[in-house]
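Peer 1: Pasting a predicted model and its sequence here:
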Amino acid sequence: MLLIVNKNGNTTVNVTWEDANNPFAPSDLSAAILGSKNMVQGDYVLFTGATLVLESGDSIAITPSGQASPHIDGLCTVTETFIPVG
C-alpha cells in the first residue's frame, strides 16, 4: 500500500522508484510510479493490490513542485523478507 496526501495548496507530485542495483542500466535508474499528478489541497492517491520488491539501496522518492511551500505526506506498508545466501 502506498498513500500520498496533499496537505496544502495546489502542487504537482512525482513518485519514483530509485533502483540502486539494476544490471541493465546506470545505477541511478528511476522508474515513475506517479508522474506529474496535479493535486489540490486534500487530494490523495492510494495504491493497493500491487507489490514492489525493493532491494538493498533502493528507495521511493516523493517530489512535489509548483508551489512555494508544498506539504505532501507519504505512507507505505513494508514487509521485510530474509533470503538466505546459498
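Peer 2: Perfect, thanks for sending it. These numbers were taken from a predicted model, which means no experiment stands behind them.
Peer 1: contacts and neighbour counts: CA atoms only from here.
Peer 2: Will do.
Peer 1: tell me which element Val45 falls in.
Peer 2: strand 44-47 (DSSP states H and E).
Peer 1: With Ile72 instead?
Peer 2: strand 71-76.
Peer 1: which strands and helices sit next to that strand?
Peer 2: The contact analysis (3 or more CA pairs under 8 Å, 6 or more residues apart in numbering; DSSP states H and E) places strand 71-76 against strand 2-8.
Peer 1: quick one: the following helix or strand past the strand it packs on to chain centroid distance?
Peer 2: Going down the chain from strand 2-8, the next helix or strand is strand 11-19, by DSSP H and E. The chain centre lies 5 Å from the centre of strand 11-19; the measure is CA atoms, centre = their mean, to the nearest Å.
Peer 1: Partner strands of strand 11-19 and their direction?
Peer 2: strand 29-39 (antiparallel), strand 59-65 (antiparallel) (DSSP bridges).
Peer 1: Please report how far Trp17 lies from Gln67.
Peer 2: The spacing between Trp17 and Gln67, counted by CA to CA, to the nearest Å, is 23 Å.
Peer 1: Thr51 too?
Peer 2: With CA to CA as the criterion, Thr51 and Gln67 are 31 Å apart.
Peer 1: do you know how far Asn10 is from Phe47?
Peer 2: 21 Å.
Peer 1: got it, and Trp17?
Peer 2: 14 Å.
Peer 1: Tell me how many other residues crowd the residue nearest to Leu2 when sequence neighbours are not counted.
Peer 2: Residue nearest to Leu2 in three dimensions, not counting chain neighbours: Cys76, with 4.4 Å by CA to CA, 6 or more residues apart in numbering. Look at Cys76: counted by other CA atoms under 10 Å, it has 12 neighbours.
Peer 1: If Thr16 is in a bridge, with which residues?
Peer 2: Ala32, Ala61.
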